[in-house]
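K.L.:
Structure for this input, please:
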Amino acid sequence: MIRAFQIVVLACLPFCLTGCGAPEESEPIWQQLKIGDLTPSHSGKRPGGQLLKTANFNVYLFEIPAENISALDDIWRMLYSKPLQFNNYEAFKANSFLAGFGQARMWSKIMDLLLAADGKGTERVSLLLPDGRANDLPIARLDNEQTVFYISTEGSMEGAGIGPGELTLRMKAEKIPGSKGVCQVSILPVFSPPIIGPIPELVYRAKAGELPFTSVGFGLKMSPGDLVVLGPEKYIDHQITLGSLFFSRPEGSLFFSRTERKPPERKPAVRIFLLLCTAINY
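P.N.:
Sure, this is the predicted structure:
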């Protein structure tokens with residue numbers, strides 16, 4: 001886990017209203033991007049021009065109103081499931097997780113569908129994954145202990161007492177011997193307790209307290225320009241299950257309407273993640 005490599009590059013924040021007229025909307029994050037912009041030309045370089053031996057990813061986070069979740073059906077139909085190797089597909093789906101494989105050429109179409117659903121981009125994170133080592137993408141912070149329910153690999157409902165700490169999406173990339181420009185990527189939700197200080201014993205205890213949700217893990221081979229879309233099968237109006245903590249925002253988020261000129265409304269939301277491979281430097 002290499003948190004030092006995580007770089008939050010961009011955050012798109014809702015607009016503030018002044019007066020009672022409809023505010024002017026600025027251009028969404030995805031409309032500011034071109035396909036050629038998705039692969040940074042100097043990403044992962046050391047000072048002096050030497051490339052770090054990493055697989056590089058951009059992770060884009062989007063939100064749409066929960067009432068428009070059916071709009072994601074068109075995105076899932078565009079994508080492919082065959083390249084994905086699930087630890088247990090039935091458990092993956094039972095936890096309200098869906099995933100699909102695509103390529104950067106689909107970017108514009110995916111963005112058009114999210115925009116049509118009144119969606120908005122909220123964050124972009126760059127991850128550098130050294131060969132065989134993992135990096136965690138923060139998903140939800142748990143300030144107190146709580147029970148989280150999930151479907152296990154055996155298909156049974158389990159409850160785990162976790163917190164305080166952080167629910168993360170752990171990504172790991174490994175070089176495939178004899179293959180250039182391709183890596184094996186594994187993706188796994190993990191709960192991690194907080195690490196207090198650099199003392200080895202405290203770090204060891206925190207690691208021992210981690211809980212990987214193996215039933216929701218999956219992997220695939222990826223090359224630059226490949227992408228994975230991760231999202232919910234349905235909206236869940238609470239946050240006591242693994243799927244709801246990952247994808248649901250019952251407290252709501254501010255959204256503008258594409259079809260009506262009116263102030264933004266706070267609505268329950270769902271989150272969608274786009275994981276784009278931008279470079280492989282080993």
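K.L.:
Could you use CA atoms for every contact and neighbour count after this?
P.N.:
Fine.
K.L.:
So what sits opposite residue 254 in the bridge?
P.N.:
For residue 254, the beta-bridge partners are residue 266 (DSSP bridges).
K.L.:
So it sits against residue 266, correct?
P.N.:
Yes: look at residue 254 against residue 266 with C-alpha atoms under 8 Å: they come within range, at 4.3 Å.
K.L.:
neighbour count winner among those two?
P.N.:
residue 254 (19 against 13; other C-alpha atoms under 10 Å).
K.L.:
residues contacting the more buried one?
P.N.:
Residue 254 makes contact with 14, 264-267, according to C-alpha atoms under 8 Å, 6 or more residues apart in numbering.
K.L.:
Columns pLDDT on top of those residues, output as JSON lines?
P.N.:
JSON lines is the format used below for the contacts of residue 254 (pLDDT from 0 to 100):
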{"residue": "14", "pLDDT": "39"}
{"residue": "264", "pLDDT": "90"}
{"residue": "265", "pLDDT": "92"}
{"residue": "266", "pLDDT": "95"}
{"residue": "267", "pLDDT": "96"}
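K.L.:
Buried subset of those as a PyMOL selection?
P.N.:
Remark: buried members of the contacts of residue 254, expressed as a PyMOL selection using 16 or more other C-alpha atoms under 10 Å:
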select buried, resi 264+267
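K.L.:
Of the contacts of residue 254, just say which sits nearest to residue 150.
P.N.:
Nearest to residue 150 among these, counting by C-alpha to C-alpha, is residue 267 at 25.6 Å.
K.L.:
Can you tell me, leaving aside adjacent residues, what's nearest to the closest one?
P.N.:
Nearest residue to residue 267, sequence neighbours excluded (C-alpha to C-alpha, 6 or more residues apart in numbering): residue 252, at 4.6 Å.
K.L.:
check which helix or strand covers that neighbour.
P.N.:
If you go by DSSP states H and E, residue 252 is part of strand 248-255.
K.L.:
Would you state the helices of the stretch 151-282 of the chain in chain order?
P.N.:
Taking DSSP state H, counting those that start in this stretch to define them, one finds helices in the stretch 151-282 of the chain at 200-208, 242-247.
K.L.:
Can you tell me which of those has the worst average pLDDT?
P.N.:
If you rank those by mean pLDDT, helix 200-208 sits at the bottom with a mean of 53.
K.L.:
Sketch out the low-pLDDT regions of the stretch 101-250 of the chain for me.
P.N.:
For the stretch 101-250 of the chain, the stretches flagged by pLDDT under 70 are 195-208.
K.L.:
Now with 80, please.
P.N.:
The model of the stretch 101-250 of the chain has pLDDT under 80 over residues 195-209.
K.L.:
Do you have the strands of it handy? List them.
P.N.:
Taking DSSP state E, counting those that start in this stretch as the criterion, the stretch 101-250 of the chain carries its strands at 120-130, 134-142, 146-151, 157-162, 165-175, 183-192, 211-212, 218-222, 226-232, 248-255.
K.L.:
Throw those strands into JSON lines and include distance to residue 69, thanks.
P.N.:
Putting the strands of the stretch 101-250 of the chain into JSON lines (distance: least, C-alpha to C-alpha, whole Å) gives the following:
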{"stretch": "strand 120-130", "distance to residue 69": "13"}
{"stretch": "strand 134-142", "distance to residue 69": "20"}
{"stretch": "strand 146-151", "distance to residue 69": "21"}
{"stretch": "strand 157-162", "distance to residue 69": "25"}
{"stretch": "strand 165-175", "distance to residue 69": "22"}
{"stretch": "strand 183-192", "distance to residue 69": "22"}
{"stretch": "strand 211-212", "distance to residue 69": "28"}
{"stretch": "strand 218-222", "distance to residue 69": "23"}
{"stretch": "strand 226-232", "distance to residue 69": "9"}
{"stretch": "strand 248-255", "distance to residue 69": "11"}
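K.L.:
Out of these, the one nearest residue 66 is which?
P.N.:
Residue 66 lies closest to strand 248-255 among those, at 8.1 Å (C-alpha to C-alpha).
K.L.:
quick one: the closest one to strand 120-130, angle?
P.N.:
If you take axes from the mean of the first three to the mean of the last three C-alpha atoms, to 10 degrees, strand 248-255 sits at 120 degrees to strand 120-130.
K.L.:
what angle do strand 248-255 and strand 226-232 make?
P.N.:
For strand 248-255 against strand 226-232, the angle by the same axes, to 10 degrees is 110 degrees.
K.L.:
Buried residues of strand 248-255, list them for me.
P.N.:
Judged by neighbour count (16+ other C-alpha under 10 Å), strand 248-255 contains these buried residues: 248-250, 253-255.
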